[in-house]
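J.: Let me see the structure of the following:
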Amino acid sequence: MNRILRLSLSVAALLIAGTTLRAQEDFKVVLGASFDTYFDNREYVDCRFGESQTLFSSRLTPEAGIEWNAKNRLMFGMDLWSDFGNNTVVFAKARPQVYYRFKSDKVAAYAGIFPREKMLGDYSEAILSDSMRFFDNRIQGFMGQYEGRRGYVEMSVDWCGMFSEASREKFRILSAGRYWFDNYHRRFYGGYAFMMFHFAGSKLIPHCVNDNLTLNPYVGTSFNAYFDFDIKLHYIQTFQRDRDNEEKYRTPGGGMLQARMSKWGVFIDEQLYVGANLQPYYSSFRSEEFPHGYGGELYSGETFFGTTEKIYSCTKIGFDRAFFDNTVRVKAYLAMRYDGTGWGNQQVVQLSVRLLKDIPLGRRH
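T.: Next comes the predicted model:
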């Protein structure tokens, strides 16, 4: 760990020193830090498709870099993780973030290892669960974005598993977009989210290639009637295949209604899914045809979408608001989930801090 910290400080010092050698009026040193604490307590004893557990961790990400020509930025950071209750180590793990970013008025591009929160897309919990967004917070690859007056579109390639003895080859393609039908009032919109996850073998587990595609188009309306309302109707279609065990694709799908009402940061969010089991290869529900299962390695969405009862309801009541010029954000909610067999509840508290400062470097004479 000390070696990693020394490396981080050395790289930051080199970045700063390098800019002073060829400083121009538009060169800047960028310094920042991010901090996140995530508490997630799940009580799913009466549910068949959820697992009771408590997750409690924090993440500190110091970062440093340079910016030039107002559009280019090269950043280096380090995720330092702490799992609460683990007193044997200071940091449970450390993971780097090293990336280049280009950003103009409408176009942005990223390359390297960069934070997942840079994404614009509206990805439902059927694609990315809340806990997955926190614990798998990096994209390793590329991302391009376009944001115009009436909407946006983005695509990213995340190479999240290298072929080796220890891990299986994995990569995920994510794309999302939204278009406002009425540009002036912005009350009606349509959009989509797409994920293609390729889950291949390793040196110790040859073949065993799995394909998992999810297409999620939606339409919605957003308006204010004392409260702020946002109502969306989704259609979710998946295409999945375990190539070693099946010749044809499985195509489970369904519809989902999502309605949110909020005021002063307080919100009520209702999510109702009706349809087939979207996670047929999940390990918790083994069969003779798939004796091993693939669990969370294959599925990044909320496990309740694996219900075989053709219904899943989630009601969240909570608070979500930013303070101090958007540098501190507090999000807390109680979720009541029904999977067709029983009710469970989940309590989540998340605190996020975002600090960033750029220091202009004057022209040398």
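J.: Pull out the buried positions in stretch 59-70.
T.: For stretch 59-70, a neighbour-count test (16 or more other Cβ atoms under 10 Å) marks 59-68 as buried. No exception for glycine: its C-beta is placed from N, CA and C like everyone else's.
J.: Please narrow those residues to those residing in helices.
T.: Assignment to helices by DSSP state H places none of the buried residues of stretch 59-70 there.
J.: Restricted to strands, list these.
T.: 59-68 (DSSP state E).
J.: okay, now G318: neighbour count?
T.: 19 (other Cβ atoms under 10 Å).
J.: nope, A166 is what I was after
T.: The number of residues packed near A166 is 9, by other Cβ under 10 Å.
J.: Could you look up the SS state of it?
T.: What DSSP: H, G, I helix; E, B strand; the rest coil gives for A166 is coil.
J.: Kindly report the same for the one 10 residues further on.
T.: When classified by three-state DSSP, A176 comes out as strand.
J.: from the chain's centre, how far out does the one helix or strand G296 maps to sit?
T.: Counting by DSSP states H and E, the element that carries G296 is helix 295-298. Mean-position distance between helix 295-298 and its chain equals 15 Å (Cα atoms, centre = their mean, to the nearest Å).
J.: Just list the residues touching the most centrally placed residue in the chain, thanks.
T.: In the chain, the centroid-proximal residue (Cα atoms, centre = their mean) is R133; its distance is 3.4 Å. Contacts for R133 (Cβ atoms under 8 Å, 6 or more residues apart in numbering) come out as R116.
J.: coming back round to it: so which bits of the helix holding G296 are buried?
T.: Applying 16+ other Cβ under 10 Å to helix 295-298 flags 296, 298 as buried.
J.: Give me the contacts around it.
T.: When contacts are defined by Cβ under 8 Å, 6+ apart, helix 295-298 is touched by residues 132, 168, 170, 197, 199, 210, 212, 279, 281-284.
J.: Please, where are all the helices along the stretch 101-250 of the chain?
T.: For the stretch 101-250 of the chain, applying DSSP state H, counting those that start in this stretch gives helices covering 130-135.
J.: for the stretch 201-350 of the chain, which spans come out with low pLDDT?
T.: Along the stretch 201-350 of the chain, segments meeting pLDDT under 70 span 284-290.
J.: picking that back up, could the buried residues of stretch 59-70 go into JSON lines alongside distance to I139 and pLDDT?
T.: Listed next are the buried residues of stretch 59-70 as JSON lines, based on distance: Cβ to Cβ, whole Å; pLDDT from 0 to 100:
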{"residue": "R59", "distance to I139": "15", "pLDDT": "95"}
{"residue": "L60", "distance to I139": "19", "pLDDT": "96"}
{"residue": "T61", "distance to I139": "14", "pLDDT": "96"}
{"residue": "P62", "distance to I139": "19", "pLDDT": "96"}
{"residue": "E63", "distance to I139": "15", "pLDDT": "96"}
{"residue": "A64", "distance to I139": "20", "pLDDT": "97"}
{"residue": "G65", "distance to I139": "17", "pLDDT": "96"}
{"residue": "I66", "distance to I139": "21", "pLDDT": "96"}
{"residue": "E67", "distance to I139": "20", "pLDDT": "95"}
{"residue": "W68", "distance to I139": "23", "pLDDT": "94"}
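J.: Turn those into TSV, including distance to I205.
T.: Formatted as TSV, those follow (distance: Cβ to Cβ, whole Å):
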residue	distance to I205
R59	30
L60	35
T61	33
P62	37
E63	36
A64	39
G65	38
I66	42
E67	44
W68	45
